[in-house]
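J.: fold the following.
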Amino acid sequence: MSSVKLAAAAANTNFSMIGYGKAFQEKIFQGMATDKEWAQQMHEVMNPGYFDLKYLQYLTGHYFKYFDDYRCFPTMQLLIQIVRDKLANDQADQMLKEQIVAFLQRMRMNQHPEDLPYVKEKALQFCKRQAFKEALTSAVELVQGEQFEEVVDLMRTAVSVGMPQSIGHEFFSDIEARFQEITRITTPTGIPELDHKDILDGGLGRGELGVVVAPTGVGKSHWLVNMGAEALRRGKTVVHYTFELSETLTGKRYDANITNISVSDLIDKKEEVLKHYEDNEYGDLIIKYYPCRSASVNTIRNHLEKLKLRNYTPSVVIIDYADVMKSTKSYDALRLELQLIYEELRQMAADFNVPVWTASQSNRSGASADMVGLENMGESYGKAQVSDVVLGLSRKPEEKATGYARLFVAKNRAGMDGINMVIKIDTSKSTFKTVSEDEKEEYDILTNPKQKMKEIWNRVQTAKKELHDGE
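T.: This next block holds a predicted model:
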């Protein structure tokens with residue numbers, strides 16, 4: 001078939017999505033509402049008239065118009081307000097108004113956001129095909145007028161539409177972007193020495209994966225609660241996934257950390273806890289439990305998408321913990337599955353633009369090590385390769401009995417690493433803090449009494465000598 005005949009055939013093609021069905025078309029708008037980057041791709045190739053449902057045409061038209069006017073997409077609340085104002089005095093469109101309200105309610109209550117990746121792929125393919133067919137139609141007139149160079153430009157444009165907008169970082173043109181990038185948006189750990197400019201430079205940044213590595217029973221879950229509680233104090237929205245502890249027990253640990261009341265005393269001091277929350281303001285916290293080995297990174301993604309539809313946009317995601325998650329692929333070696341889980345978590349952090357904290361079980365040698373480092377990450381060293389921050393937490397029996405522990409900065413893309421800190425853990429309140437000078441002296445005596453007594457002896461002898469020389 002000649003190119004002219006092919007273009008003519010394309011001109012007669014029905015560009016409507018009627019063949020895709022109502023549910024599929026509604027999912028397309030849901031995808032645009034929750035993924036602004038994909039919506040920008042669709043804006044370039046999609047005509048709202050492709051929908052055969054009038055309420056989707058109407059919503060999409062106003063959604064795209066707002067982008068044309070302000071170069072960003074409206075929130076769902078703002079879009080609803082815009083549509084409500086447009087239809088407020090138009091009785092003829094009462095049915096349209098009811099259809100829009102019913103659709104938005106269905107979208108907010110959607111229980112299957114896992115369908116979105118498939119819908120996005122197919123919808124974008126459909127729209128790009130339509131753009132190509134329209135280009136062929138326009139090319140007919142150009143060919144008849146022997147405007148061949150214009151035909152080449154037209155087809156080149158048709159092939160490129162709908163692709164991601166960024167061509168990459170243009171070094172000289174985008175110089176300001178580099179200096180803006182220096183300022184990371186972070187979620188602090190609440191430990192000043194760790195959040196210091198030279199170390200984490202304010203905390204864990206958006207799109208970054210932080211991992212705390214420790215032997216069993218040392219305090220990984222308490223660390224993750226402490227990270228979430230600190231974010232709550234700063235007014236952030238926290239989503240905490242737990243695969244071992246129940247939602248209520250995890251919630252009690254947050255209560256203890258925030259109110260400074262031991263978990264065992266919470267029930268007796270219920271009124272004090274309630275008054276604390278009445279008198280103070282915090283961010284939002286969602287705690288979600290999944291049985292061990294039942295949830296994959298895709299499960300977490302789907303839940304986060306569902307939360308976005310209900311106006312919960314997370315500031316930080318806590319996962320307790322990644323080693324007991326389900327891999328999206330099966331391998332003969334466990335280390336490969338674990339590495340994939342961490343790679344997918346890192347990608348999820350980037351896609352949702354949030355910091356993600358999780359934990360990893362150390363290997364056997366980590367249980368007796370003075371410092372838990374990258375080499376102690378159980379099963380797979382590949383977990384460390386994709387992580388932005390890796391902290392090692394270690395406690396020997398004598399340290400555990402007195403509340404002491406050691407925190408080692410094993411890996412840090414934001415600043416210095418190889419730093420060892422002595423800290424105190426209160427597991428009754430899931431709190432962590434670095435030790436004072438007096439506590440450091442006590443810790444040194446506890447962990448190395450002979451060396452410490454020798455130092456004290458030498459100090460006494462030096463003082464005696466100085467006193468004798470002074471006389």
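J.: okay, now the domains of the chain?
T.: As recorded under automatic domain parsing, the domains making up the chain are 3-160, 186-435.
J.: check the offset of the last one from the chain's centre.
T.: Read it as domain 186-435. 13 Å (CA atoms, centre = their mean, to the nearest Å).
J.: what's the average pLDDT for that domain?
T.: Averaged across domain 186-435, pLDDT comes to 91.
J.: what segments of the stretch 251-400 of the chain are helices?
T.: 270-279, 297-309, 334-352, 364-368, 382-386, 397-402 (DSSP state H, counting those that start in this stretch).
J.: among the ones you listed, which comes closest to Phe67?
T.: Among the helices of the stretch 251-400 of the chain, helix 297-309 comes nearest to Phe67, with 18.4 Å by CB to CB. In short, each C-beta sits where N, CA and C put it, glycine included.
J.: ok, which of the helices of the stretch 251-400 of the chain comes nearest Ser315?
T.: helix 334-352 (10.4 Å).
J.: who does that closest one touch, helix- and strand-wise?
T.: With contacts taken as 3 or more CB pairs under 8 Å, 6 or more residues apart in numbering; DSSP states H and E, helix 334-352 sits against strand 209-214, helix 297-309, strand 316-320, strand 356-361, helix 382-386.
J.: got the angle for the third one vs strand 209-214?
T.: So that's strand 316-320. 30 degrees (axes from the mean of the first three to the mean of the last three CA atoms, to 10 degrees).
J.: state the distance from Lys396 to Ile199.
T.: Distance of Lys396 to Ile199, given as CB to CB, to the nearest Å: 24 Å.
J.: coming back round to it: so which of the helices and strands packed on helix 334-352 is nearest Ile100?
T.: The nearest among the helices and strands packed on helix 334-352, by CB to CB, is helix 297-309 at 15.8 Å.
J.: how many neighbours does the residue nearest to Arg413 when sequence neighbours are not counted have?
T.: Distance criterion CB to CB, 6 or more residues apart in numbering; nearest residue to Arg413, sequence neighbours excluded, is Asp388 at 4.7 Å. Counted with other CB atoms under 10 Å, residues neighbouring Asp388 total 20.
J.: cool, and Phe126?
T.: If you count neighbours by other CB under 10 Å, Phe126 ends up with 19.
J.: what is the end-to-end distance of stretch 173-190?
T.: Length of stretch 173-190, first residue to last, CA to CA, to the nearest Å: 38 Å.
J.: returning to what we had before: the more surrounded of Lys396 and Ile199?
T.: Ile199 (21 against 17).
J.: hmm, Met421 and the more buried one touching each other?
T.: No: applying CB atoms under 8 Å as the test, Ile199 and Met421 come out as separate, 9.7 Å apart.
J.: shared neighbours, the two?
T.: 193, 409 (CB atoms under 8 Å, 6 or more residues apart in numbering).
J.: surely Val409 is in a helix?
T.: No: using DSSP: H, G, I helix; E, B strand; the rest coil, the assignment for Val409 is strand, not a helix.
J.: right, and it touches Asp195 too?
T.: No: using CB under 8 Å, Val409 makes no contact with Asp195, being 11.8 Å away.
J.: deepest in the core, which of the domains of the chain is it.
T.: When you average the neighbours per residue for each of those (mean count of other CB atoms under 10 Å), domain 186-435 leads with a mean of 19.
J.: how about the strands of the stretch 151-300 of the chain, start to end?
T.: Assigned by DSSP state E, counting those that start in this stretch, the strands in the stretch 151-300 of the chain fall at 186-187, 204-205, 209-214, 238-242, 285-289.
J.: so which of those gets nearest Lys22?
T.: Comparing these by CB to CB, strand 285-289 comes nearest, at 30.3 Å.
J.: ok, that closest one: who's next to it in the sheet?
T.: strand 238-242 (parallel) (DSSP bridges).
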